[in-house]
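A.B. asks: Pasting a predicted model and its sequence here:
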Amino acid sequence: MVKGRCKDCKMCANLQRAMEDLIAVFHRYSGKEGDKYKLNNKELKNLLQEELSDFLAGSNESSVVEKILHDLDENGDGEVDFQEFVVLVAALTIACNEFFVDFDRNSKKGKEDCS
Ligand SMILES: [Ca+2]
């Protein structure tokens with residue numbers, strides 16, 4: 001990672017770190033068994049339970065994991081590669097942002113009493 005290139009810009013350092021973390025988390029789980037660069041059913045289940053437990057309550061049920069894997073498995077090889085994984089992260093991030101924006105709007109509405 002190049003450091004000091006834009007030291008006043010904390011946002012891009014944060015985003016870079018988030019991207020590196022995203023890659024590292026994926027590989028920590030995908031490297032456990034089988035293809036090192038893909039998540040199988042068990043690896044996906046572990047990742048969902050340990051990294052996204054707040055978002056995906058109930059994902060410990062096998063049928064839920066099966067469904068998520070089926071939805072994400074764009075190329076139909078029965079495993080989730082990084083490209084397919086990023087779709088899940090993006091969808092959850094968008095949902096979080098919508099929640100945040102709604103929450104922010106509602107709280108401002110309450111304070112200023114205008115719409
Ligand atoms: Ca796949």
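C.D. replies: Cool, the structure landed.

A.B. asks: For this structure, which residues score under the pLDDT cut-off?
C.D. replies: 1-11, 57-61, 111-115 (pLDDT under 70).

A.B. asks: Residues of it that sit close to the ion?
C.D. replies: Applying C-beta under 5 Å from the ion, one finds that the chain approaches the ion through 73, 75, 77, 79. No exception for glycine: its C-beta is placed from N, CA and C like everyone else's.

A.B. asks: Next up, phi/psi of the second one, please.
C.D. replies: Spelled out, it's residue 75. When read as degrees, to the nearest 10, the backbone of residue 75 gives phi -90, psi 0.

A.B. asks: What segments of this structure are strands?
C.D. replies: Remark: strands assigned in the chain by DSSP state E are 38-39, 80-81.

A.B. asks: Can you add mean neighbour count and give the ones you listed back as a markdown table?
C.D. replies: Output for the strands of the chain, formatted as a markdown table (neighbours: other C-beta atoms under 10 Å):
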| stretch | mean neighbour count |
| --- | --- |
| strand 38-39 | 24 |
| strand 80-81 | 23 |
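
A.B. asks: In the chain, spot the helix with the most residues.
C.D. replies: Longest helix of the chain, by residue count under DSSP state H: helix 82-112.

A.B. asks: elements contacting that helix?
C.D. replies: With contacts taken as 3 or more C-beta pairs under 8 Å, 6 or more residues apart in numbering; DSSP states H and E, helix 82-112 sits against helix 10-30, helix 62-72.

A.B. asks: I'd like these as TSV, with mean neighbour count appended.
C.D. replies: TSV is the format used below for the helices and strands packed on helix 82-112 (neighbours: other C-beta under 10 Å):
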stretch	mean neighbour count
helix 10-30	13
helix 62-72	14
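
A.B. asks: Nearest to residue 48, out of those?
C.D. replies: With C-beta to C-beta, the closest approach to residue 48 among these belongs to helix 62-72: 6.5 Å.
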